[in-house]
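Participant: Here is my input, please return the structure:
(2 chains)
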Amino acid sequence: MTRSWPASLLFAYPPDWRARYGDELELLIGDLREHGCNPVSMAFDLLRGAAAAWCRTRRGFVMSERSRHALITVLWSWVAFAATAAWFGHDLGIYPTRSIAQKIAAVHQVVPDAHHVLLGVGVVGIAATVIAAVPFALEAARYARSHQRNSIFTLMAVPPVTAAIWLGGVQFTGRANSTSDLTFAVVWLMLGLAGIAGSAQAVSAIVRTCEFSRTTWRIGTSAAAAVTAAMLVGTGATIVWGLAYRSSQGHVAGASSWLVVTAIMAVTTARAVIALIGARRAPAPEPAVA
Amino acid sequence: MDFTEPVVLVLTSLADGPKHGYALAKDIESFAGIKLGPGTLYGALSRLEDRGWIEALPAEDRRRPYQITSAGAENLAVHLRTARQVAATGLHRLEPKLAP
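Facilitator: Next up, the predicted model:
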């Protein structure tokens, strides 16, 4: 079949729109021409359709699945890393005893103070997460309202509601002074971890579902890079500190938790790094056609 | 989503079964007397597919049929009931003016 001249106007459409509908539309143009449709009116209609497609393109930005997946992977890696580092870093200042911690600091003055490094990593990671969360939350809310998807509002409520409930419980367990209270505190800690996992799952579902602008994706990617860099620093500091501890002790007794913590940190950091590298190799973000 | 005329026409056409682009154009012309241009038709199809109100089926001889989804059927039904009510009200109010 000879290509009808109005079909050449398909090049006026956005590339991604053309990739999806171009072949079908070209066939339809051919069918309509064979049945006597006026090519001039068809050409005007195609130009109007192309203008509408470009207008819709500016509204959103469809990230490649790999890039979307990378952000979610970094989020989960960061959550696992932060939970591990918080548990380990909480005890680091007096780990395994206050006197030994001071001894390590005295003997290995160039060894980074892992306690404060992990604290810094936490501050950087949380700040990056919060900064990225604001535009994502605003655009997710806009998407939920325009698409009448109330389930997205429910998902958005999960992290703050979970945090409020858990912190309320912490106020109670903070005054624990009996065995039953301490048991409750341990259970509450476990529930906190479940809450963090649930919140991460809710955020992942939002990132997977909604459309976000190019700027928001850039902010998210920058935050993911900052978090991953902080994780690298934290992992490195923990490894160096642990090796210093082992050499100061002359044996490995008591270092098993350090090994486990280091392994978890290294694995989560590696996952985040690999995800970010993979995202950089992914095709460039595509303009939305919706 | 706004119920533009092409959107309503496409959904109405798909309400009785899957159709590809040319079949849609001919069906709409037959029941509404409106000739939808190819750009208008595919603009409506892309918006509807994005909203999940229609879905593409495997291509047949390079022509890809579309079918209405349950969400699309529900939204079309709501819109048509409202339109029927508006039409009935409008015709009722016009009766005195149109009466001989």
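Participant: and the stretch 51-200 of chain A, which residues reach chain B?
Facilitator: Applying CB under 8 Å from any CB of the partner chain, we find that the stretch 51-200 of chain A lies next to chain B at A:Ala52, A:Ala53, A:Arg56, A:His147. C-beta here means a position set from N, CA and C on the backbone, and glycine is covered the same way.
Participant: give me that answer again for 10 Å
Facilitator: A:Ala51, A:Ala52, A:Ala53, A:Arg56, A:Gly60, A:Ser146, A:His147, A:Gln148 (CB under 10 Å from any CB of the partner chain).
Participant: Among those, which one lies nearest to A:Gly278?
Facilitator: Comparing these against A:Gly278 with CB to CB places A:Gly60 closest, at 22.9 Å.
Participant: Can you give me the buried ones in the longest helix anywhere in chain B?
Facilitator: As assigned by DSSP state H, the longest helix anywhere in chain B is helix B:70-98. With burial defined by 16 or more other CB atoms under 10 Å in any protein chain shown, the residues of helix B:70-98 counted as buried are B:Gly72, B:Asn75, B:Leu76, B:Leu80.
Participant: Surely the third one touches B:Trp53?
Facilitator: Meaning B:Leu76. Yes. The pair formed by B:Leu76 and B:Trp53 meets the contact definition of CB atoms under 10 Å, at 7.9 Å.
Participant: which of the residues of the stretch 51-200 of chain A next to chain B has the most neighbours?
Facilitator: Using other CB atoms under 10 Å in any protein chain shown as the neighbour test, those are led by A:Ala53, with 23 neighbours.
Participant: which helices and strands does the helix or strand harbouring that residue pack with?
Facilitator: Taking DSSP states H and E as the criterion, A:Ala53 maps to helix A:39-57. Packing contacts for helix A:39-57, counted by 3 or more CB pairs under 10 Å, 6 or more residues apart in numbering or on different chains; DSSP states H and E, involve helix A:15-34, strand A:286-287, helix B:38-51.
Participant: that older thread, tabulate the buried residues of helix B:70-98 (a markdown table), appending pLDDT and distance to chain A.
Facilitator: Converted to a markdown table, the buried residues of helix B:70-98 look like this (pLDDT from 0 to 100; distance: CB to the nearest CB, whole Å):
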| residue | pLDDT | distance to chain A |
| --- | --- | --- |
| B:Gly72 | 92 | 14 |
| B:Asn75 | 92 | 10 |
| B:Leu76 | 93 | 15 |
| B:Leu80 | 93 | 18 |
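Participant: so which residue of the stretch 51-200 of chain A comes closest to chain B?
Facilitator: Residue nearest to chain B within the stretch 51-200 of chain A (CB to the nearest CB): A:Ala52, separated by 5.3 Å.
Participant: Distance check, that residue against B:Val10.
Facilitator: In this view, A:Ala52 and B:Val10 are 15 Å apart by CB to CB, to the nearest Å.
Participant: Over to A:Arg66?
Facilitator: Between A:Arg66 and B:Val10 the computed distance is 33 Å (CB to CB).
Participant: of those two, who's got more company?
Facilitator: A count of neighbours by other CB under 10 Å puts B:Val10 above the other of A:Arg66 and B:Val10, at 31 against 14.
Participant: The more buried one belongs to a helix?
Facilitator: Yes. Counting by DSSP: H, G, I helix; E, B strand; the rest coil, B:Val10 is located in a helix.
Participant: ok so, going back, what sits in contact with each of B:Leu76 and B:Trp53?
Facilitator: Common neighbours of B:Leu76 and B:Trp53 (criterion: CB atoms under 10 Å, 6 or more residues apart in numbering or on different chains): B:Val7, B:Val10, B:Leu11, B:Leu14, B:Ile68.
Participant: Just among those, which is most surrounded?
Facilitator: With neighbours taken as other CB under 10 Å, the top of the shared contacts of B:Leu76 and B:Trp53 is B:Val10, carrying 31 neighbours.
Participant: Quick check: buried residues in the host helix or strand of A:Ser204?
Facilitator: Secondary structure from DSSP H and E places A:Ser204 in helix A:179-209. Within helix A:179-209, the residues that qualify as buried are A:185, A:188, A:192, A:195-196, A:199-204, A:206-207, A:209, counting by 16+ other CB under 10 Å.
Participant: Stretch A:266-278 too?
Facilitator: Residues of stretch A:266-278 classed as buried: A:Ala266, A:Thr268, A:Thr269, A:Arg271, A:Ala272, A:Val273, A:Ala275, A:Leu276 (neighbour count, 16+ other CB under 10 Å).
Participant: any idea how far stretch A:184-192 is from the chain center?
Facilitator: Remark: stretch A:184-192 is offset 25 Å from the chain centroid, using CA atoms, centre = their mean, to the nearest Å.
Participant: Ok, stretch A:128-138 next?
Facilitator: 10 Å.
Participant: that older thread, which is the succeeding secondary structure element to the helix holding A:Ser204?
Facilitator: Going down the chain from helix A:179-209, the next helix or strand is helix A:214-249, by DSSP H and E.
Participant: Which elements pack onto the very next helix or strand once past that next one?
Facilitator: Once helix A:214-249 ends, the next helix or strand along the chain (criterion: DSSP H and E) is helix A:256-281. Helix A:256-281 is packed against helix A:65-92, helix A:114-146, helix A:214-249, with contacts defined by 3+ CB pairs under 10 Å, 6+ apart.
Participant: now the angle from helix A:256-281 to helix A:114-146?
Facilitator: 40 degrees (axes from the mean of the first three to the mean of the last three CA atoms, to 10 degrees).
Participant: got the angle for helix A:256-281 vs helix A:65-92?
Facilitator: Helix A:256-281 and helix A:65-92 are oriented at 160 degrees to each other (the same axes, to 10 degrees).
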